[in-house]
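> Got a predicted structure here, sequence first:
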Amino acid sequence: MQMNRLRTIITGVGAYYPDYILNNDELSRMVETSDEWIMTRVGIKERRILKDPTKGSAYMGAKAVEDLLKKTGTHPDEVDLLICATVTPDMHFPANAQVIADMVGIKNAFGFDLNAGCSGFIFGLVTASQYVQNGRYRKVVFVGAEKMSVITDYTDRKTCPLFGDAAAAVLLEPTEEEFGVMDYILRSDGMGRDHLYMKAGGSLNPPSIQTVTNREHFIYQDGQFVFKHAVTKMADTAAEIMEKNDLEAEDIAWLVPHQANLRIIAATGERMGIDPSKVMINIQKFGNTTSATIPLCLYEWEKQLHKGDNLILAAFGAGFTWGAVYLKWAYDTKE
């Protein structure tokens, strides 16, 4: 008897974001900028900041995973694998995945970190789904966790309004039904490596008094170059995955885009031909939380999602990395 093909479904979403809100008015007292300038260019009103210097991204990741396990009624011992997407791990090693697993009491799983910049969630979702659909694992936790505030230069008016801190996690399980991760297109091109990066702290430019003095432990972004590539590549792959799966605009319940810039999000929606009311946008509240943006959208919209809804997830990030995932939502939320 032949087994039906397994697919990977999301069966729950959890999240955590810090209480402290850094709004544009406060930001404009720290650096030469204004609410109007920030809103016009990127569409961010406020962002969350984890102020506690004794807590890193793993703390937020653990909080999101705890929320997820509680919501789904999953015991830590049931988890087979934990993957963490992050560009701001607590330390180079051990990986955040191990730290988070220890914090929440996950003892029977293996885990690792994944770094694909702002595409971290879609790259990680596809990676994690492989372990589920091959029948090897039944419960996989995937979390995006970022403390972007620690690598944000609050003297750089071009980048400091963009980023915020947060974490969000999903539970992945197998199904024989036609739901879950239906298709994906993932791409990367290292030509972008000099346009969006953190110069120091790795093996090429290890930390020194010089690198700290030169402020090389913060995000550097060539805004116009990144914008130009993001706006085309994110829109192109979103449109490509629709075409590949014979999806029309009216077939799509939601576009779930990476939250980096309102103009990039709008361009992606337009390219797909979908109504702006079907685009998840919370950038004004959280800013760019890198690998946590997409699952944070799913978390906020969870009650509006219905079984069978067609979702397109799209992102663009450092590397460059970019892509789109066609996801068929697998459950109705019980109130």
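That came through, no problem.
> Who are the contact partners of the spatially most central residue of the chain?
When Cα atoms, centre = their mean is applied to the chain, the residue found nearest the centroid is residue 291 (2.6 Å). With contact set as Cβ atoms under 8 Å, 6 or more residues apart in numbering, residue 291 has these partners: 85-87, 116-118, 120-121, 124, 144-146. Any C-beta I mention is one placed from the backbone N, CA and C, and that applies to glycine too.
> again, but for residue 107
76-77, 101.
> returning to what we had before: wait, is the residue nearest to the centre of the chain part of a helix?
Yes - looking at residue 291 with DSSP: H, G, I helix; E, B strand; the rest coil, it is inside a helix.
> Which secondary structure state does the closest residue to residue 327 other than its chain neighbours sit in?
In this structure, residue 327 finds its nearest non-sequential neighbour in residue 311, 4.5 Å apart by Cβ to Cβ, 6 or more residues apart in numbering. Following three-state DSSP, the label given to residue 311 is strand.
> Can you give me the buried ones in stretch 90-107?
By 16 or more other Cβ atoms under 10 Å, the buried positions in stretch 90-107 come out as 90, 95-101, 103-104, 106.
> now that stretch: mean pLDDT?
Looking at stretch 90-107 alone, the average pLDDT works out to 98.
> do stretch 137-157 as well
97.
> Just give me how far that stretch sits from the chain centre.
In terms of Cα atoms, centre = their mean, to the nearest Å, the centre of stretch 137-157 is found 8 Å from the chain centre.
> and it, how far apart are its ends?
Stretch 137-157 has an end-to-end distance of 46 Å (criterion: Cα to Cα, to the nearest Å).
> Just name the shakiest helix or strand of the protein by mean pLDDT.
Least confident helix or strand, the chain: helix 35-41 with a mean of 91, by mean pLDDT, DSSP states H and E.
> Against which helices or strands is that helix packed?
helix 24-30 (3 or more Cβ pairs under 8 Å, 6 or more residues apart in numbering; DSSP states H and E).
> The helix it packs on: which residues count as buried?
24, 27-28.
> Across the sheet, point out what pairs with the nearest residue to residue 319 once chain neighbours are set aside.
Nearest residue to residue 319 in three dimensions, chain neighbours excluded: residue 188, at 4.9 Å (Cβ to Cβ, 6+ apart). Beta-bridge partners of residue 188, counted by DSSP bridges, are residue 321.
> count of residues packed around residue 188?
17 (other Cβ atoms under 10 Å).
> How about residue 55?
For residue 55, using other Cβ under 10 Å, the count is 16.
> Would you tell me what helix or strand it is located in?
For residue 55, there is no host helix or strand (DSSP states H and E).
> hang on, isn't the residue nearest to residue 327 packed against residue 254?
Yes - here residue 311 lies in contact with residue 254, judged by Cβ atoms under 8 Å, at a distance of 5.0 Å.
> what sits in contact with each of those two?
residue 305.
> picking up where we left off before, using a markdown table, please lay out the buried residues of helix 24-30 together with distance to residue 249.
Listed next are these as a markdown table, based on distance: Cβ to Cβ, whole Å:
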| residue | distance to residue 249 |
| --- | --- |
| 24 | 33 |
| 27 | 37 |
| 28 | 39 |
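> just these now: which is nearest residue 284?
residue 24 (10.1 Å; Cβ to Cβ).
> Many thanks, I have nothing further to ask.
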